[in-house]
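Participant: mind looking at a prediction? Sequence and model below.
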Amino acid sequence: MNSEPPAALGWADGDDAGLLDEPGTRLARVVIMHGASADVLLAEPSALAELNVGLSAQRDVTPVAGDWVAVTRESAQIVRVGARRTTLARPSPDGRGTQVIAANIDTILIAEPIDHAPSPGAIERMRILARESGATPVLVLTKADACPDVEGALAEVALAALGIDTHVTSVVDGRGLAELRRLLAPGTTATMLGASGAGKTSLLNALLGTDETTREVRADGQGRHTTTTRRLYAVPGGGAILDVPGVRSLDLLGSESSVDEAYADVLEFATRCRFADCAHERDAGCAVHAAIATGHLDEDRFARWRRAQREVAYQIRRTDYHARQEELRVWKQRSRGQRARFKRRH
């Protein structure tokens with residue numbers, strides 16, 4: 001097997017070096033899955049060769065786009081999937097588990113257009129997904145050339161982007177592209193999250209220096225090109241970009257810590273409440289509602305925090321029996337505390 005994995009395909013120091021020792025195999029990276037087969041890029045010393053391979057019954061896990069795999073030289077089958085450094089996932093459609101979308105991502109570019117009013121809620125939700133994956137979220141505000149008030153748009157998303165890097169970009173005038181390219185260093189892999197029409201494909205083409213898939217935008221702002229497959233691109237002079245289809249569902253898959261990180265300002269107020277089990281429902285001594293009343297906390301952002309908490313808790317309950325029992329115990333304890341306080345006041 002090739003002893004020097006290609007940084008151009010995003011191989012990082014933390015990737016599964018054990019793949020290099022598989023006898024009779026070649027190192028490859030999965031580009032897209034087709035049921036029982038996969039398109040991969042072979043890490044050949046002289047060129048990056050694309051090959052369609054089958055899935056061996058001996059493989060240890062079903063691969064996804066972004067996985068590093070060992071491919072047999074003779075039968076062209078994936079026989080081993082490397083350990084994953086990061087996994088971008090969402091709840092599975094059947095509600096019985098999770099669906100891994102991509103693997104081994106270092107940076108997730110959250111694409112949000114600002115030619116119309118940007119959505120703080122969408123940004124907050126996507127950064128939760130990104131942080132939960134283990135990758136670093138970066139906010140990329142697209143279509144800045146069509147925005148009449150860039151500073152106003154930045155102010156609108158300031159809290160949603162709290163604590164993460166933000167880049168204002170335009171593929172029309174080239175704004176912000178140089179800064180983004182510096183994020184795509186050799187040995188790193190990035191992907192983009194964002195709804196259809198967010199400008200992901202145009203941004204990808206600009207970063208790659210190609211316009212093969214760029215088409216005009218409809219009057220309603222939706223791009224005529226829609227990404228329907230997942231592909232891995234080597235960035236000239238840099239690492240790799242994994243092109244993932246537009247996220248049609250933003251059902252959250254995360255943890256309490258990922259939600260708290262996205263709403264750090266709300267959490268700060270919540271920690272000041274008089275009672276540790278405060279439900280933030282206008283309880284006595286609730287610092288959250290006091291902050292809302294004085295204008296120090298946006299009520300809509302607080303509502304989104306509560307909604308994100310409920311969604312994440314729901315997804316955990318669906319797949320984890322012990323989590324369901326623990327949440328029941330917490331709610332019973334909270335209810336007893338509230339009843340006791342009510343009795344003391346009356």
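Facilitator: Structure received.
Participant: so what's the model's average confidence on the helix or strand hosting residue 269?
Facilitator: Of the helices and strands defined by DSSP states H and E, residue 269 is found in helix 264-270. Average pLDDT, helix 264-270: 94.
Participant: and the residue nearest to the spatial centre of the chain, what pLDDT?
Facilitator: Centroid-nearest residue in the chain: residue 130, 2.9 Å away (criterion: Cα atoms, centre = their mean). We have a pLDDT of 91 for residue 130.
Participant: hmm, who's touching the helix or strand harbouring it?
Facilitator: Here residue 130, judged by DSSP H and E, is contained in helix 120-133. Outside helix 120-133, the residues within contact range by Cβ atoms under 8 Å, 6 or more residues apart in numbering are 86-90, 105, 108, 110, 112, 136-137, 139, 156-157, 159-161, 164, 193-195, 247, 250, 252-255, 258-259, 261-263, 301, 304, 308, 312. C-beta coordinates here come from the backbone N, C-alpha and C atoms, glycine included.
Participant: swap the cut-off to 7 Å and go again
Facilitator: 86-90, 105, 108, 110, 112, 137, 139, 156-157, 159-161, 164, 193, 195, 250, 252-255, 258-259, 261-262, 304, 308 (Cβ atoms under 7 Å, 6 or more residues apart in numbering).
Participant: list the buried residues for whichever helix or strand comes after the helix holding residue 269?
Facilitator: Using DSSP H and E, the helix or strand that follows helix 264-270 in sequence is helix 287-293. Judged by neighbour count (16 or more other Cβ atoms under 10 Å), helix 287-293 contains these buried residues: 287, 288, 289, 291, 292.
Participant: likewise for stretch 274-286?
Facilitator: 278, 279, 280, 283, 286.
Participant: how far does it stretch from one end to the other?
Facilitator: 6 Å (Cα to Cα, to the nearest Å).
Participant: so how far is it from its chain's centroid?
Facilitator: Counting by Cα atoms, centre = their mean, to the nearest Å, stretch 274-286 is centred 32 Å from the centre of its parent chain.
Participant: same thing with stretch 137-148?
Facilitator: Mean-position distance between stretch 137-148 and its chain equals 18 Å (Cα atoms, centre = their mean).
Participant: can I get the CA coordinates of it in CSV?
Facilitator: The C-alpha atoms that make up stretch 137-148 are tabulated as CSV, following Å, rounded to 0.1, in the frame of the first residue of the first chain:
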residue,chain,number,x,y,z
PRO,A,137,-18.1,25.1,12.5
VAL,A,138,-17.4,28.2,10.4
LEU,A,139,-20.2,30.6,9.3
VAL,A,140,-20.0,31.6,5.7
LEU,A,141,-22.4,34.4,4.7
THR,A,142,-22.9,34.1,1.0
LYS,A,143,-24.2,36.4,-1.8
ALA,A,144,-22.8,39.5,-0.1
ASP,A,145,-22.7,41.4,-3.5
ALA,A,146,-26.6,41.3,-3.5
CYS,A,147,-26.9,42.5,0.1
PRO,A,148,-27.7,46.2,0.5
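Participant: buried set for that stretch?
Facilitator: Residues of stretch 137-148 classed as buried by neighbour count (16+ other Cβ under 10 Å): 137, 138, 139, 140, 141, 142, 143, 144, 147.
Participant: please apply the same query to stretch 7-26.
Facilitator: Using 16+ other Cβ under 10 Å as the test for burial, stretch 7-26 gives 7-12, 15-16, 19-20, 22, 25-26.
Participant: and the gap between residue 68 and residue 12?
Facilitator: Computed as Cβ to Cβ, to the nearest Å, the residue 68 to residue 12 distance reads 10 Å.
Participant: likewise residue 167?
Facilitator: Between residue 167 and residue 12 the distance is 22 Å, computed by Cβ to Cβ.
Participant: returning to that earlier point: of the buried residues of helix 287-293, which is the nearest to residue 38?
Facilitator: Closest approach to residue 38 among these (Cβ to Cβ): residue 288, at 48.3 Å.
Participant: end to end, how far does stretch 280-298 reach?
Facilitator: One end of stretch 280-298 sits 14 Å from the other (Cα to Cα).
Participant: what's it in contact with?
Facilitator: With Cβ under 7 Å, 6+ apart as the test, stretch 280-298 has contacts from 159, 266, 269, 270, 272, 273, 274, 275, 278, 299, 302.
Participant: swap in 10 Å and give it another go.
Facilitator: Contacts to stretch 280-298, defined as Cβ atoms under 10 Å, 6 or more residues apart in numbering, come from residues 120, 159, 265-275, 277-279, 299-306, 337-338, 341-342, 345.
Participant: out of these, which are buried?
Facilitator: Looks like the contacts of stretch 280-298 have 120, 159, 265-266, 269-270, 273, 278-279, 301-302, 304-306, 337-338, 341 buried, using 16+ other Cβ under 10 Å.
Participant: returning to what we had before: nearest to residue 203 among the buried residues of stretch 137-148?
Facilitator: Taking those together and measuring to residue 203 by Cβ to Cβ, the closest member is residue 142, at 6.1 Å.
Participant: name the nearest residue to that closest one, sequence neighbours excluded.
Facilitator: Distances taken as Cβ to Cβ, 6 or more residues apart in numbering put residue 199 closest to residue 142, at 3.8 Å, once the chain neighbours are dropped.
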